[in-house]
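Q: Just a sequence and a predicted model for now, questions to come.
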Amino acid sequence: MEWDTSKQIGKIVPIVEKTRVAYVSMENITHIVCSGYVSTVYLVNKSKHSSSRSLKSYEEEIGQAGFLRMNRQTLVNIRHATDAQCVKRMLYLGNTIIVVSKRKVSLLKRHNIPLTS
């Protein structure tokens with residue numbers, strides 16, 4: 001399976017909130033976290049949008065455009081990954097730390113994400 005972050009350019013993702021729809025550029029999404037039945041989409045400008053859409057549906061829509069599932073609750077845009085520590089299983093998105101599942105560590109190694117031991 002290939003992930004190509006160039007597919008993000010110019011693509012818009014609709015995020016349906018309770019009373020409105022936010023149209024967000026795919027390249028501005030840093031990560032998506034699911035907690036229960038609510039998915040929260042985090043953006044580059046530190047804002048966030050919540051939706052009742054499942055993480056699996058986001059993964060099906062934007063997974064081939066450079067978004068990787070790092071654990072059960074988190075989908076990450078690898079374009080915004082700044083560092084990764086395979087031993088501690090952590091991925092850094094600027095100041096945000098994402099815990100990576102044991103099975104997904106090999107994905108980090110395959111995608112040219114800066115790795116430190």
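A: Alright, I've got the coordinates. Numbering: from 1, shown residues only.
Q: Enumerate every residue touching the residue lying farthest from the centre of the chain.
A: Residue farthest from the centre of the chain, counting by CA atoms, centre = their mean, is T19 at 24.2 Å. Contact criterion CB atoms under 8 Å, 6 or more residues apart in numbering gives no residues in contact with T19. In this view, the C-beta of every residue, glycine as well, is placed from N, C-alpha and C.
Q: worst-scoring helix or strand of this structure, pLDDT-wise?
A: strand 115-116 (a mean of 64; mean pLDDT, DSSP states H and E).
Q: hang on, the earlier thing: I'd assumed the residue farthest from the centre of the chain was in a strand, is it?
A: No: counting by DSSP: H, G, I helix; E, B strand; the rest coil, T19 is not part of a strand but coil.
Q: Phi first, then psi, for it.
A: Reported as degrees, to the nearest 10, the phi and psi values for T19 are phi -110, psi 0.
Q: can you count the residues close to G63?
A: Neighbour count for G63, taken as other CB atoms under 10 Å: 15.
Q: in what helix or strand does V105 lie?
A: helix 105-110 (DSSP states H and E).
Q: any idea how far the residue farthest from the centre of the chain is from R72?
A: Distance check for T19 against R72: by CB to CB, to the nearest Å, it reads 29 Å.
Q: residues contacting P14?
A: Going by CB under 8 Å, 6+ apart, the list of residues near P14 reads V21, A22, Y23, V24.
Q: One more: Q73?
A: Residues near Q73 by CB under 8 Å, 6+ apart: V33, C34, S35, L55.
Q: one more time with 10 Å, if that's ok
A: Neighbouring residues of Q73 by CB atoms under 10 Å, 6 or more residues apart in numbering: I32, V33, C34, S35, G36, S39, L55, I98, V99.
Q: Thanks again, I'm all set now.
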